[in-house]
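Trainee: quick one, structure for this:
(chains A and B)
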2 protein chains.
Amino acid sequence: MARTRLTPEREAELYAAVLDLLREVGYDALTMDAVATRTHSSKATLYRQWGSKPELVARALRHDKPVQFLEIDTGSLRGDFHAMIARTDDCQMEKDSALMRGLFHAVHDNPELNQALRELLVEPEITGLEMLLERAVARGEVDADNPALSYVPHMLVGAVVARQLIEGRSVDRGFLTDYLDAVVLPTLGV
Amino acid sequence: MARTRLTPEREAELYAAVLDLLREVGYDALTMDAVATRTHSSKATLYRQWGSKPELVARALRHDKPVQFLEIDTGSLRGDFHAMIARTDDCQMEKDSALMRGLFHAVHDNPELNQALRELLVEPEITGLEMLLERAVARGEVDADNPALSYVPHMLVGAVVARQLIEGRSVDRGFLTDYLDAVVLPTLGV
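Mentor: A predicted model of the protein is given here:
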């Protein structure tokens, strides 16, 4: 497989450069030319390794943010949520917000990118979140019929995006902790 | 004042064209040239009337979506929220989502647009929402100390954005009604 020709270090370096560009200029303005220039590689190499821009971007996103929720199991839902927050520092949250801003328009207009993102990034995250919630239901912390269970991803994504739109600021740990305690946990009856 | 030289009909036509372009190409790719071409006007006219692209875009947004919450007063918070939803049809919600996608990246990178948007669009909407909530508190429906009160805008914006990101679909009345009943109203203790 062509991808094995790059060392893992070189691959990580390339993905980091793609994400930096995405934060700076957004998806539409990110060109394979710009990636080639920034990473001192040839466009032919990029296309041979990743096939297309959406595929390269999706791989870069996936590499940057492995699913970490699966390892979390503190014994309470509140504890699990707080552990999630503790794993991400404020600087990382600002970088994640910048990525979301860079991708939001593109995801809607580009079915290939949308598909890649959903498979590589959205669905694994939601699966991780669902496991936390299923354990809370199994422990009896959350009622299995609670209609808010399916909206937890919406509440969390909403907090991140809305703070930017409404308050003009990126989320940080303090805000997310408050939001969890004021909104998410009470909705779930915790 | 220079702005009075356009008839209200012509002004409305121009604003509608600006919003269509914004949905199609996003803020960054929207040029005064494109607006001039689409509306059969000269760039000189556009700059004389509005001064700058952020100002024109902000005016267009404000014209399209007057604050309607202020007139709503059904006597219960659930009734007020449902009246809000009933005022917007699904097609309008899809158009609003497209606008938000077109603006999300730009708002962060462009302080002038951010400022105009906040004054013209975000703050009046939030004021309208706060009035609904204050009446609910005054009626005794919601506890004045409920920490979720300040997060209602986040929950609502979140629903719209997250449905797109997570489910790949725009919000519609059915979804918003469900979300209000499952998340927003229970959080407020209603």
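Trainee: pull the longest helix from chain A.
Mentor: Using DSSP state H, we find that the single longest helix of chain A is helix A:90-109.
Trainee: what's downstream of that one, the next helix or strand?
Mentor: helix A:111-117 (DSSP states H and E).
Trainee: for that next one, packing partners?
Mentor: Other elements packing on helix A:111-117 under the criterion 3 or more Cβ pairs under 8 Å, 6 or more residues apart in numbering or on different chains; DSSP states H and E are helix A:53-64, helix A:90-109. For every residue, glycine as well, the C-beta is placed using N, CA and C.
Trainee: in JSON lines: these, plus distance to chain B, mean neighbour count and mean pLDDT.
Mentor: Compiled in JSON lines, the helices and strands packed on helix A:111-117 are given as follows (distance: least, Cβ to the nearest Cβ, whole Å; neighbours: other Cβ atoms under 10 Å in any protein chain shown; pLDDT from 0 to 100):
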{"stretch": "helix A:53-64", "distance to chain B": "13", "mean neighbour count": "20", "mean pLDDT": "83"}
{"stretch": "helix A:90-109", "distance to chain B": "5", "mean neighbour count": "19", "mean pLDDT": "74"}
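Trainee: got the domain ranges for chain A?
Mentor: By the record's domain assignment, chain A is partitioned as A:8-62, A:67-187 (automatic domain parsing).
Trainee: by mean pLDDT, show me the worst of those.
Mentor: With a mean of 83, domain A:67-187 has the lowest mean pLDDT of the domains of chain A.
Trainee: tell me how far it lies from the chain's centre.
Mentor: Between the mean C-alpha point of domain A:67-187 and the mean C-alpha point of its chain there is a distance of 9 Å (Cα atoms, centre = their mean, to the nearest Å).
Trainee: again with stretch A:19-28
Mentor: A distance of 15 Å separates the C-alpha centroid of stretch A:19-28 from that of its chain, computed with Cα atoms, centre = their mean.
Trainee: is it positioned near chain B?
Mentor: Yes: contact of stretch A:19-28 with chain B (Cβ under 8 Å from any Cβ of the partner chain) involves A:26, A:28.
Trainee: ok, which residues in chain A are in contact with chain B?
Mentor: Taking Cβ under 8 Å from any Cβ, the part of chain A that reaches chain B is made up of A:26, A:28-29, A:98, A:100-102, A:104-105, A:107-108, A:114, A:118, A:122, A:126, A:147-148, A:150-151, A:153-159, A:161-166, A:168, A:178-179, A:181-183, A:186-187.
Trainee: in JSON lines: the helices and strands packed on helix A:111-117, plus distance to B:Ala44.
Mentor: Formatted as JSON lines, the entries for these read as follows, by distance: least, Cβ to Cβ, whole Å:
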{"stretch": "helix A:53-64", "distance to B:Ala44": "38"}
{"stretch": "helix A:90-109", "distance to B:Ala44": "30"}
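Trainee: number of residues surrounding the closest residue to chain B within chain A?
Mentor: Using Cβ to the nearest Cβ, A:Gly158 is the residue of chain A that sits closest to chain B, at 1.2 Å. With neighbours defined by other Cβ atoms under 10 Å in any protein chain shown, the count for A:Gly158 comes to 28.
Trainee: I'd assumed B:Val161 was in contact with it.
Mentor: Yes: contact status for A:Gly158 versus B:Val161: in contact at 6.4 Å, counting by Cβ atoms under 8 Å.
Trainee: what segments of chain A are helices?
Mentor: Remark: helices assigned in chain A by DSSP H are A:8-25, A:32-39, A:43-50, A:53-64, A:77-86, A:90-109, A:111-117, A:123-138, A:152-162, A:173-179, A:185-187.
Trainee: report all helices and strands that the fourth one contacts.
Mentor: Other helices and strands packing on helix A:53-64, by 3+ Cβ pairs under 8 Å, 6+ apart, are helix A:8-25, helix A:32-39, helix A:43-50, helix A:111-117.
Trainee: the second one now?
Mentor: The criterion is 3+ Cβ pairs under 8 Å, 6+ apart, and the helices and strands that helix A:32-39 contacts are helix A:8-25, helix A:43-50, helix A:53-64.
Trainee: residues of the second one that come out buried?
Mentor: For helix A:43-50, burial by neighbour count (16 or more other Cβ atoms under 10 Å in any protein chain shown) applies to A:46, A:49-50.
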